[in-house]
Every structure is written in structure tokens, then in C-alpha cells.
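**Q** predicted model and sequence follow; I will ask about them next.
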Amino acid sequence: MVLRRLQSIFTPAHPKPGKFDEALIHSAIERVVDGTDPRLRAVRNYPRKLRDAVERAIEFVVTFVDTFPPAIELSRRSFTTDPRVRALFASPEQLREIISFSQGMLSYLQQNPGPLPQTLYAVLVTERVEKNVLGMDLQGDLMRRDVAQTVINFRDPRVSLPTDNAAESRRDAMNRVFDYLVEIALQRLVSTRTRKQQLEQQQRQLLQKKAQLYKASTLALEPLMELRVPEAPDAGAIEKQLQAIEAELARIRISSATIENHLAKVAATLREPEKHLHLERVVLTLNHMNVKMASNALHNTNTLEFDEILLRQDARRFTMAFVRFPSSELLPQPDFFDQARRMLTPRVMT
């Protein structure tokens, strides 16, 4: 479950940094512990040791989401009036399909079977892709062919976290951002444990090679009995590898020997959220075909701003925007039960 108690700070008048509600901070700390390693509660005064890092993470989350502009309207009308919407979608039909059949909307409709509110709010996520092509361009009074151009496409658009309230839409987004930071902290703990297991496996393999070395050496019994033994591996190389692995294992064992060190790693992750998540405003000058144009182009262009999220851990980048749309724009949902019944009902031959 997402950290619902975070909602208490997402109001029009945010408290000043460092002045968050005590109940919120407590709930955030417990969410961090539940989401990483519940054994952290065994650390004496764990709430106090996590408090500064959690406050820093909450402050980052609030600022991060507040940076986004007001919700963009998605509708057939806005497709003709808002160049941002035309850039994001190939057609009004695609727009309606996305808001109607994204997994987030399907889940919302299942959980809210009654009449829909007049306006729905959500988060739109897509991926900006640039492609180099040869096209036509008007240069002066001449139309030239085979001109190198860059076309912008927004791939795999989808709406998430639909709700009937703009403020709640932002609260839900903040919950997701906070949980992402908790996930990063958990992954750091897992990677340490995985690396330790890998090193121990390598150590076992090298020790086996070392055993082969002894078996092939004049110190072993087999050569005296003139048994055929495998070619001896490089003793010096084996010893160097063993020393390097043992040294790294020693460092890992020291850093993870106690649960206090796990808590310190979690706190370090939350204390520097900007290392894991970055928001960048991208400015594009596009024509009606989504071709990038010079910023000083004089004809049929629009200068548009989009917000992109960079997940630093795997260098993935997504375009994100808060959106709103009339529920009347939703396409009818298919009746899957009726379709299944039709398929299972035997046809009568006439």
C-alpha cells in the first residue's frame, strides 16, 4: 500500500521545509522500514536515526511534484487547440483510446462502477523518441527534398493514477515518488547481499583451482604414483584473485555485519534523493508534423515545454504531465463476459 498519510502535507499552503507534521514524519519512517527491512526496528532509536533523511526525502518529493504545471486537458477539442496535445498524440482517436484503455483507467473503472465524475484527473507518462529522417522543407520560396530532419515521437503513452480530484492526483504522484526512493534504498541492500554471494561463489571456485594446483604439484601424492593429473593453473594468478576477493568480502562483511549498517545505507539513500531522480524541462520547437525546427523558424512552428523524469539508476527517461479529461471522452468498455459467453455458446446450424 502506498503511503497514504503523506496526503496531509499536500495542501495549497505547504509547510516550510523542516516543519512537517509529526504524524506524517512518523508514518513516513514506518513506511521506509516496512519497504526496506523490518529488522531495522531492532536498532535502538531507529526513528531518530532516520528522521533527518526522511524529512529530506519528503521535502524533495513535495518540491519535485510541485514543479509540474497545471493539468493539461485531453479531449478532441484540445487536440485541435493545444499544440502540446497534438505533439503527444497521433490523432484524436488515439487520444481517446489511451485514456479509455490504459491499465490505470481500467483499474479505476473496476473499483468505481458507479456514475463517473464529469472530469477525471490523471498522470500521463510517455517516452520521447527522436528519429533522423530525410524529408521536405521549404527554404525561402523553394521546396527542397531529401533534407535531413529530426522527427519527435512520443511512444507508449498511458494514463496512471486516475482520480476525480486534481489535488488528489498530485498527492498520489507524491506517494509514488516517495515509494520509488524507498525502492532504491531496498535495491541497495539487495545488491550488497547479491555481491557478497557472488564473491563467495568465486572464492569457492578459486579454492577448487587451488586444490587442483596442489594436486598437480610435487607436494601432492599423485605425482609420486605417476597418475595423470590436469594441467596446473597459474598459482600466482590464483593467489592474487583470492586475496582481492577476500579483501572485498571483508569490507562487505564489515559494512553489513550489523543491522545498524543497513539503516545507515537506507538513510544515505533518502538523504540524497537527487542522486536517484532528476526532473528536467525540455523545450522543443516543432512543426505540425513533429519535426524539430530551429528556434527562430518563422513559419508553422510551436515552441513547447515538456517535463521529463530521469531515473538515474538505469538512465531511463520519461515524459510526464498531469492531465484532465471529460469522462464523456471515454470510449465504451468492452463486455468481456458477454464476449466469452458468445464464444462458448454453441452455434445452431440452420
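**A** All right, it came through fine. None of these values were measured; they are calculated from a predicted model.
**Q** tell me the pLDDT of the most centrally placed residue in the chain.
**A** In the chain, the C-alpha closest to the average C-alpha coordinate belongs to L311, at a distance of 5.9 Å (Cα atoms, centre = their mean). Predicted confidence (pLDDT) at L311: the value is 92.
**Q** same question, the one 3 residues further on
**A** Taken from the predicted model, the pLDDT recorded for D314 is 76.
**Q** name the helix or strand for it, please.
**A** Assignment of secondary structure by DSSP states H and E places D314 within no helix or strand.
**Q** begin at 329 from now on, thanks
**A** Taking 329 as the first residue, the last one we looked at is D642.
**Q** give me the residues contacting stretch 409-426.
**A** Counting by Cβ atoms under 8 Å, 6 or more residues apart in numbering, stretch 409-426 makes contact with 400-404, 406-408, 452, 454, 480, 482, 485-487, 612, 614, 616, 618, 630, 632, 634, 657-659, all of which sit outside it. C-beta here means a position set from N, CA and C on the backbone, and glycine is covered the same way.
**Q** pull the number of nearby residues for N624.
**A** 7 (other Cβ atoms under 10 Å).
**Q** same thing with G432?
**A** 16.
**Q** follow-up on the earlier one: of the contacts of stretch 409-426, select the buried ones using a PyMOL command.
**A** Buried subset of the contacts of stretch 409-426, written as a PyMOL selection, criterion 16 or more other Cβ atoms under 10 Å:
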select buried, resi 400+401+402+403+406+407+452+454+480+482+485+486+487+612+614+618+632+634+657+658
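**Q** just to revisit the earlier point, which residue sits closest to the residue nearest to the centre of the chain in space, ignoring its chain neighbours?
**A** Closest residue to L639 apart from its sequence neighbours, by Cβ to Cβ, 6 or more residues apart in numbering: L605 at 6.7 Å.
**Q** verify the stated contact: the one you found with Q641.
**A** No: contact criterion Cβ atoms under 8 Å: L605 and Q641 do not qualify, at 9.1 Å.
**Q** if you count surrounding residues, which of the two has more?
**A** Between L605 and Q641, L605 has the larger neighbour count (other Cβ under 10 Å), namely 18 against 14.
**Q** where does the protein have low pLDDT?
**A** Where the chain drops to pLDDT under 70, the residues are 329-347, 465-469, 471, 520-528, 530-563, 566-567, 570, 573-585, 626, 663-678.
**Q** domain-wise, how is it divided?
**A** Domains of the chain are assigned by automatic domain parsing as 329-520+594-658, 521-593.
**Q** tell me which of these sits most buried.
**A** domain 329-520+594-658 (a mean of 16; mean count of other Cβ atoms under 10 Å).
**Q** hmm, back to that, distance of the residue nearest to L639 relative to L452?
**A** 18 Å (Cβ to Cβ, to the nearest Å).
**Q** check P490 too.
**A** With Cβ to Cβ as the criterion, P490 and L452 are 11 Å apart.
**Q** got it, and P485?
**A** Counting by Cβ to Cβ, the gap from P485 to L452 is 6 Å.
**Q** need the strands for the stretch 429-578 of the chain, in chain order.
**A** Applying DSSP state E, counting those that start in this stretch to the stretch 429-578 of the chain gives strands spanning 447-467, 470-491.
**Q** just put these in JSON lines and tack on distance to E383.
**A** Formatted as JSON lines, the strands of the stretch 429-578 of the chain follow (distance: least, Cβ to Cβ, whole Å):
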{"stretch": "strand 447-467", "distance to E383": "25"}
{"stretch": "strand 470-491", "distance to E383": "25"}
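**Q** quick revisit: was I right to think the residue nearest to the centre of the chain contacts K603?
**A** No: applying Cβ under 8 Å, one finds L639 not in contact with K603, separated by 11.4 Å.
**Q** is A625 in a helix, a strand, or coil?
**A** coil (DSSP: H, G, I helix; E, B strand; the rest coil).
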